[in-house]
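Student: Got a sequence here, can you model it:
(one chain, ligands or ions: 1)
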Amino acid sequence: MKMTFRWYGENDPVTPQKIRQIPTMTGIVSAVYDFPVGEVWSVESINKIKSLANQNGLEFEVVESVPVHEDIKLGNENAKRLIDNYCENIVRLSKAGVKCICYNFMPVFDWLRSELERTQPDGAKALAFNQNTVLSMNPLTSNLSLPGWDESYTKDELKELHNKYSKVGENKLWENLEVFLKAVIPVAEESGIKMAIHPDDPPWSIFGLPRIITCEENIRKFLKLVDSESNGLTFCTGSLGASVGNNLPKMAKEFAERIHFVHLRNIKITEEWSFEEVGHPSRCGSLDMYAIVKALVDGGFDGYVRPDHGRMIWGEEGRHGYGLYDRALGATYLAGLFEAAEKEAGRRYQ
Ligand code: DNO
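Tutor: Numbers count the residues shown, from 1 in each chain. The predicted structure is shown next:
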């Protein structure tokens, strides 16, 4: 297992200098942010991240994300050119030493929360999702500010996109995903890159848009679309765990060999379809973090791990979910779980 930490680039107040001081940290997880979605990243921009990481004793082996352009998900006439660009990014990243690429296939919106600063009993501020609030939101008319939404569309563009997706239901989205994978995975194989799809967060349809990477059955289907080690998963416990039907330890064990990257965080399910983010340890929320880590290790997982979203504690302010303190606490807790599970399994602990 390699413990890593997400870094949002030079404007991120959580600097590589700080990240390297977190015990067990081996590398940063980052991306090039200065090119529009769908375009080829410059070698200079890629190498800059690598050298900033390396100067601080950290590796740059995981990219999160190389975003998939909406036209690929819609499968329209621009898809071919954009997929070619995607392949070129894979080749360029592999030349810079990247080994794993995280991406998602969620239409329009990435991860979604209805509240960004819910105050918890101990005074920490955390992200939360309430289904009723989300059902009452209309992204086409309201001024939404969503934490995971990297692209900012104008209202008209959003309406147009929404219209286009009205013709793309789940089946068509699966087909478009298959087209993407059949083009991209052979390039990843040749480049020694493991592709790791991120599950949909939350793992159900929102705003009438289809979502398909949601549960055990669909993940099994996804892995069969292209049965290659390079076609793998980002196992995000907070995303999959929001659905009460998902048995995370079972899924972790079954899919372990195809899991290349793990996002570990705990959530507390407050009612069906609603949850809030909590501290990483099992006793803080609804997920049994040790059972999940143990299942991964017992299943043979030996990839990259990062502590996912932290709460804002000790007065820290910054990017929602991505402050320093709570994620750092999470990293050391999670490293402890891995040490225990790996030793118990008779594997060398690194
Ligand atoms: C949220 C993240 C996601 C993730 C993308 C992967 O905190 O886990 O935004 O980076 O879905 O493409």
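Student: and the most centrally placed residue in the chain, what is it in contact with?
Tutor: The residue lying closest to the centre of the chain (C-alpha atoms, centre = their mean) is residue 198, at 4.7 Å. Residues counted as contacts of residue 198 (C-beta atoms under 8 Å, 6 or more residues apart in numbering) are 64, 65, 102, 103, 104, 213, 234, 236, 239, 263. For the C-beta atoms, the positions are set from N, CA and C on the backbone; glycine is no exception.
Student: Tabulate those (CSV), appending neighbour count, pLDDT and secondary structure.
Tutor: CSV is the format used below for the contacts of residue 198 (neighbours: other C-beta atoms under 10 Å; pLDDT from 0 to 100; DSSP: H, G, I helix; E, B strand; the rest coil):
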residue, neighbour count, pLDDT, secondary structure
64, 24, 98, strand
65, 18, 97, coil
102, 25, 98, strand
103, 18, 98, strand
104, 24, 98, coil
213, 24, 98, coil
234, 27, 98, strand
236, 26, 98, strand
239, 24, 98, helix
263, 25, 98, strand
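Student: out of these, who's near the ligand?
Tutor: Filtering the contacts of residue 198 for proximity to the ligand by C-beta under 6 Å from any ligand atom leaves 64, 65, 102, 103, 104, 263.
Student: so what's the last one bridging to?
Tutor: Beta-bridge pairing for residue 263 (DSSP bridges): residue 236, residue 306.
Student: Which helix or strand lies directly C-terminal to the top helix by length along the chain?
Tutor: For the chain, the helix that runs over the most residues, judged by DSSP state H, is helix 170-191. Downstream of helix 170-191, the first helix or strand assigned by DSSP states H and E is strand 194-197.
Student: List the buried residues of the helix or strand following that following strand.
Tutor: Counting by DSSP H and E, the element after strand 194-197 in chain order, helix or strand, is helix 216-225. Along helix 216-225, these residues count as buried under the neighbour rule (16 or more other C-beta atoms under 10 Å): 216, 218, 219, 222, 223, 225.
Student: from what I can see the fourth one touches residue 196, true?
Tutor: I take that to be residue 222. No. At 11.5 Å, residue 222 and residue 196 do not qualify as touching, with contact defined as C-beta atoms under 8 Å.
Student: Overlap in contacts, these two.
Tutor: Common neighbours of residue 222 and residue 196, using C-beta under 8 Å, 6+ apart, are residue 233.
Student: Do you have the strands of the stretch 251-350 of the chain handy? List them.
Tutor: All strands of the stretch 251-350 of the chain, identified by DSSP state E, counting those that start in this stretch, fall at 259-264, 267-271, 274-277, 304-307.
Student: Can you pull the residues of the protein lying near the ligand?
Tutor: Applying C-beta under 6 Å from any ligand atom, we find that the chain lies next to the ligand at 64, 65, 102, 103, 104, 110, 111, 148, 198, 263, 309, 321.
Student: could you redo the last one with a cut-off of 5 Å?
Tutor: The chain comes close to the ligand at residues 64, 65, 103, 104, 110, 111, 148, 198, as judged by C-beta under 5 Å from any ligand atom.
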